[in-house]
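requesting a structural model of the entry that follows:
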Amino acid sequence: MATEQALQALVAYKIWKEGKGLLYQFPKKPVAMPTISVEGLWDGQKVNQEKLTFSIQSKDGKGNPIGHFIQ
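Sure thing, here's the model as predicted:
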């Protein structure tokens, strides 16, 4: 189940980053777009090591943390 949720998170991030909206949309009330920050990993980065360390944190439109801090 965790693998599925991790994949959904990556797909949601890709869709959001490309400006195509959100993976899940609940149109009943307008919501500010969340922010997702990644430290230790860059777009297009080539990795040739067995262990990669990075962290991801997401915040809602008000700056409050969403979900769990992943490291």
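
pLDDT weak spots in this structure?
25-32, 67-71 (pLDDT under 70).

would you list every one of the helices in it?
Ranges of helices in the chain, per DSSP state H, are 2-17.

quick one, strands of it?
Counting by DSSP state E, residue ranges of the strands within the chain are 35-39, 55-59, 65-70.

would you reformat these as a markdown table and include mean neighbour count?
Where you see a C-beta, it was placed from the backbone N, CA and C, and this is true even at glycine. Below are these laid out as a markdown table (neighbours: other Cβ atoms under 10 Å):
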| stretch | mean neighbour count |
| --- | --- |
| strand 35-39 | 12 |
| strand 55-59 | 16 |
| strand 65-70 | 11 |
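
with distance to Val47 added, can I get the ones you listed in a markdown table?
Shown next, in a markdown table, are the strands of the chain (distance: least, Cβ to Cβ, whole Å):
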| stretch | distance to Val47 |
| --- | --- |
| strand 35-39 | 14 |
| strand 55-59 | 16 |
| strand 65-70 | 17 |
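
so which of those strands gets nearest Thr3?
strand 65-70 (13.6 Å; Cβ to Cβ).

quick one on the thing from earlier: relative to Glu18, which of the strands of the chain is closest?
strand 35-39 (13.1 Å).

note down every partner strand of that closest one and its orientation.
strand 55-59 (antiparallel) (DSSP bridges).

among the strands of the chain, which is nearest Gly21?
Nearest to Gly21 among the strands of the chain is strand 35-39 (14.5 Å), distances taken as Cβ to Cβ.

out of the strands of the chain, flag the one nearest Ala2.
Of all the strands of the chain, strand 65-70 comes closest under Cβ to Cβ, at 10.8 Å.
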